[in-house]
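Participant: Test case, fold it:
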Amino acid sequence: MSHKKAVVIGSGIAGLASAIRLIDKGYVVDLFEKNESAGGKLALLKNDGFVFDTGPSLFTQPEHLETIFSLAGEPLSSYFQYKRLDNACRYFFENGIIVNGYTSKEKFGEELFNKTGEAVENVVSYLQKSEERYHSLAKIFLNENLHEIRTWTNSDTISALKKTSPQLLFKSLNSFNKSRLKTPEAVRIFNRFSTYNGSNPFQAPAMLSIIPHLEHNEGVYYPKGGMISIINALYALAVKKGVCFHFNSAVNKIEVKDGIVQGIIANDVFYPSEIVLSNADVHFTYQNLLNDKGAANSTAGQERSSSALVFYWGINKVFPELYLHNIFFTKHQEEEFSSLFQLKRFYHDPTIYINITSTMEAGMAPAGMQNWFVMINAPSGTVFSENDLNEIRKSVLWKLNRMLKTRLEDHIVFESMMTPADITANTNAFEGALYGASSNNMFSAFRRHPNFSRKYRGLFFAGGTVHPGGGIPLCFRSASIAVDLATRPARS
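Facilitator: Numbering: from 1, shown residues only. This next block holds a predicted model:
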């Protein structure tokens with residue numbers, strides 16, 4: 001029987017995946033979660049027959065989930081079902097153009113040509129190059145620890161870097177997109193992929209042009225039961241494999257002696273452990289669990305990613321023109337991002353994202369109604385007053401009413417809201433930033449906190465605020481990297 005002990009702090013995607021991987025490595029694992037159930041940013045809201053996923057709503061790369069279940073020797077299909085979608089997102093423009101973001105580069109190219117006049121070959125070429133760059137660079141920047149010399153002396157790494165165009169690092173994503181796409185609608189669509197890690201396409205490097213590959217080449221999927229079903233599947237697997245969960249148990253302190261982790265204190269009880277893996281925000285971990293203000297300030301030195309303001313609306317009407325994923329673009333994209341990142345203010349004409357799972361599955365809303373998850377980007381570190389929130393709500397309604405030719409406020413029969421302050425309170429996200437640091441400069445990938453602590457032996461990190469970044473696929477990768485580092489023979 002194993003006597004090796006590991007503690008995981010937080011039960012987000014990366015925390016659950018890390019716990020299962022540690023069990024696979026032979027550890028006895030205790031997982032501590034301050035909330036009453038697993039999930040982190042992925043949670044559930046139910047009211048009056050409406051069901052909402054409260055957090056991330058896009059599901060790509062299901063192979064990461066397949067890998068976890070394969071490691072555990074369990075069939076994923078017994079826990080989780082999903083289907084591939086033909087359309088990744090429906091895009092709405094102020095000029096009346098509506099574009100379907102098909103999950104086929106050829107079909108998407110034809111759609112953009114028919115709706116905007118963008119040459120099919122421009123789109124197909126863009127996505128072909130996106131796929132090539134993804135496969136050559138992802139194994140370095142997404143799968144490996146960037147903070148070890150051996151990563152950079154590896155022959156595969158050297159070969160991939162030789163093939164990397166300098167413009168991917170030195171050009172902004174917007175400049176890169178404008179050089180390859182000719183219509184403003186196409187540029188705007190491909191710019192918005194920077195928001196997948198909370199960044200500004202007018203500052204973030206063109207390296208982010210690999211992201212569209214995930215949607216338009218690999219595909220977008222819908223998980224039966226909504227996004228919370230991913231958490232439910234991982235939680236059920238973790239319980240079956242022997243992870244011991246401690247809910248309503250906020251970790252108060254990580255105990256350290258002579259620079260070596262000894263365990264944690266939760267609810268005034270000491271739990272000894274040779275490995276502590278934090279799925280909490282890295283800034284929160286240093287500031288609140290280690291009382292290390294120097295390390296915390298170091299992580300805070302990087303520009304924060306964007307946050308979000310979300311309205312959960314139960315709508316007593318079906319809008320057939322809307323799909324699972326919908327984007328209503330601003331007229332002035334550069335002004336919007338400047339407002340978010342430079343001025344730290346809400347923009348009066350926001351880009352609006354609407355997720356409606358009732359378009360995919362009965363039971364997510366009462367018959368003849370829809371469940372709208374309405375999200376706008378918000379500046380991190382900004383506290384909105386009640387008056388601010390009322391004005392923002394008016395702006396969102398004004399835009400949607402105009403573009404959908406309706407009076408939406410007459411159809412809202414249930415309403416709830418999540419602000420950046422709520423995100424901080426619920427998930428300990430520093431300044432409400434959804435992805436920790438932004439990717440608004442060419443060195444962002446190298447400056448993101450590694451999956452281990454240089455200062456405290458035995459302390460490791462997984463999740464969206466550390467390498468390789470935010471979003472569900474990267475959280476799975478983060479767990480893999482962190483557990484590999486934590487369980488290497490020299491550290492075990």
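
Participant: okay, CA-based contacts and neighbour counts for the rest of this
Facilitator: Will do.

Participant: Can you give the domain ranges for this structure?
Facilitator: The record's domain split for the chain, according to automatic domain parsing, is 5-41+227-302+439-486, 84-221, 306-379+385-418.

Participant: Pick the most deeply packed of those.
Facilitator: domain 5-41+227-302+439-486 (a mean of 21; mean count of other Cα atoms under 10 Å).

Participant: May I have the distance across it, first residue to last?
Facilitator: Distance between the two ends of domain 5-41+227-302+439-486: 12 Å, counting by Cα to Cα, to the nearest Å.

Participant: Show me what the one helix or strand Ala295 maps to is in contact with.
Facilitator: Under the criterion of DSSP states H and E, Ala295 resides in helix 293-300. By Cα atoms under 8 Å, 6 or more residues apart in numbering, the surrounding residues in contact with helix 293-300 are 282-287, 449.

Participant: Could you single out the nearest of the residues you listed to Pro75?
Facilitator: Nearest to Pro75 out of those is Val282 (Cα to Cα; 33.0 Å).

Participant: give me phi/psi at the closest residue in space to the closest one that isn't next to it in sequence?
Facilitator: Nearest non-adjacent residue to Val282, counting by Cα to Cα, 6 or more residues apart in numbering: Thr465, 6.2 Å away. Dihedral angles of Thr465 (phi, psi; degrees, to the nearest 10) stand at phi -90, psi 0.

Participant: Go ahead and confirm Thr465 touches Ser438.
Facilitator: No - counting by Cα atoms under 8 Å, Ser438 is not a contact partner of Thr465; they are 9.5 Å apart.

Participant: any idea how far Ala295 lies from His449?
Facilitator: 11 Å.

Participant: coming back round to it: which one in the contacts of helix 293-300 is the model shakiest on?
Facilitator: Ranked by pLDDT, these bottom out at His449 (91).

Participant: Now do the contacts for the spatially closest residue to that one that is not a sequence neighbour.
Facilitator: Leaving aside its sequence neighbours, His449 sits nearest to Val466 (Cα to Cα, 6+ apart; 4.9 Å). When contacts are counted by Cα under 8 Å, 6+ apart, Val466 touches 282, 436, 448-451, 478.

Participant: can you do 6 Å?
Facilitator: Contact analysis of Val466 by Cα atoms under 6 Å, 6 or more residues apart in numbering lists 448-450.

Participant: try Ala88
Facilitator: Ala88 makes contact with 101-103, 220, according to Cα under 6 Å, 6+ apart.

Participant: could you dump those residues to a markdown table with distance to Ser249?
Facilitator: Formatted as a markdown table, the contacts of Ala88 follow (distance: Cα to Cα, whole Å):
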| residue | distance to Ser249 |
| --- | --- |
| Gly101 | 43 |
| Tyr102 | 44 |
| Thr103 | 42 |
| Val220 | 35 |
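
Participant: Among the residues you listed, which are located in helices?
Facilitator: Among the contacts of Ala88, none falls in helices (DSSP state H).

Participant: out of the residues you listed, who's nearest Lys5?
Facilitator: Among the contacts of Ala88, and counting by Cα to Cα, the member closest to Lys5 is Val220, at 37.5 Å.

Participant: which residues sit against the biggest helix by length in the chain?
Facilitator: Counting by DSSP H, the longest helix found in the chain is helix 120-141. Residues from elsewhere that reach helix 120-141 (Cα under 6 Å, 6+ apart): 105, 109-110, 113, 160, 210, 213.

Participant: Farthest pair within the residues you listed?
Facilitator: With Cα to Cα as the measure, no two of those lie farther apart than Phe113 and Ala160, at 32.8 Å.

Participant: and which of the contacts of Ala88 is nearest Leu42?
Facilitator: Val220 (17.9 Å).

Participant: now that closest one: how far from Arg407?
Facilitator: Val220 is 31 Å from Arg407, by Cα to Cα.

Participant: Low-confidence stretches in the stretch 251-400 of the chain?
Facilitator: By pLDDT under 70, the stretch 251-400 of the chain has no low-scoring segment.

Participant: Helices of that one, start to end?
Facilitator: 282-284, 293-300, 333-338, 386-404 (DSSP state H, counting those that start in this stretch).

Participant: again with the stretch 51-200 of the chain
Facilitator: 63-71, 105-116, 120-141, 149-153, 155-162, 167-170, 173-180, 184-191.

Participant: looking at those helices, which has the lowest confidence?
Facilitator: The bottom spot among those, by mean pLDDT, belongs to helix 149-153, with a mean of 54.

Participant: what residues are up against the nearest residue to Pro350 once chain neighbours are set aside?
Facilitator: Leaving aside its chain neighbours, Pro350 sits nearest to Thr330 (5.5 Å; criterion: Cα to Cα, 6+ apart). Going by Cα under 6 Å, 6+ apart, Thr330 touches 349-351.

Participant: Can you tell me how far the closest residue to Leu340 other than its chain neighbours is from Asn191?
Facilitator: Closest residue in space to Leu340, ignoring its immediate chain neighbours: Pro379 at 4.9 Å, by Cα to Cα, 6+ apart. Distance of Pro379 to Asn191, given as Cα to Cα: 18 Å.

Participant: next one: Asn291
Facilitator: 39 Å.

Participant: thinking again about what came up before, for the residue nearest to Val282, give me its contacts.
Facilitator: Thr465 is in contact with 281, 435-436, counting by Cα under 6 Å, 6+ apart.

Participant: Could I get those residues in JSON lines, plus columns for distance to Cys244?
Facilitator: JSON lines is the format used below for these (distance: Cα to Cα, whole Å):
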{"residue": "Asp281", "distance to Cys244": "22"}
{"residue": "Tyr435", "distance to Cys244": "27"}
{"residue": "Gly436", "distance to Cys244": "28"}
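
Participant: Which one of those residues is nearest to Gln61?
Facilitator: Tyr435 (18.7 Å).

Participant: wouldn't the closest one be in contact with Gly470 here?
Facilitator: Yes - assessed by Cα atoms under 6 Å, Tyr435 is found in contact with Gly470 at 4.9 Å.

Participant: shared neighbours, those two?
Facilitator: 197, 464.

Participant: Can you tell me how far Asp484 is from Arg457?
Facilitator: 15 Å.

Participant: meant to ask about Glu110
Facilitator: For Glu110, the distance to Arg457 - Cα to Cα - is 54 Å.

Participant: try Gln203
Facilitator: Distance of Gln203 to Arg457, computed by Cα to Cα: 36 Å.

Participant: Same check on Gly101?
Facilitator: As for Gly101, its distance to Arg457 is 46 Å (criterion: Cα to Cα).

Participant: same thing with Met207?
Facilitator: For Met207, the distance to Arg457 (Cα to Cα) stands at 33 Å.

Participant: Ok, Val310 next?
Facilitator: 39 Å.

Participant: same question, Gly26
Facilitator: 20 Å.

Participant: What of Glu409?
Facilitator: 55 Å.

Participant: want to throw the contacts of Ala88 into a markdown table with pLDDT and distance to Leu85?
Facilitator: A markdown table is the format used below for those (pLDDT from 0 to 100; distance: Cα to Cα, whole Å):
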| residue | pLDDT | distance to Leu85 |
| --- | --- | --- |
| Gly101 | 98 | 11 |
| Tyr102 | 98 | 9 |
| Thr103 | 97 | 7 |
| Val220 | 98 | 6 |
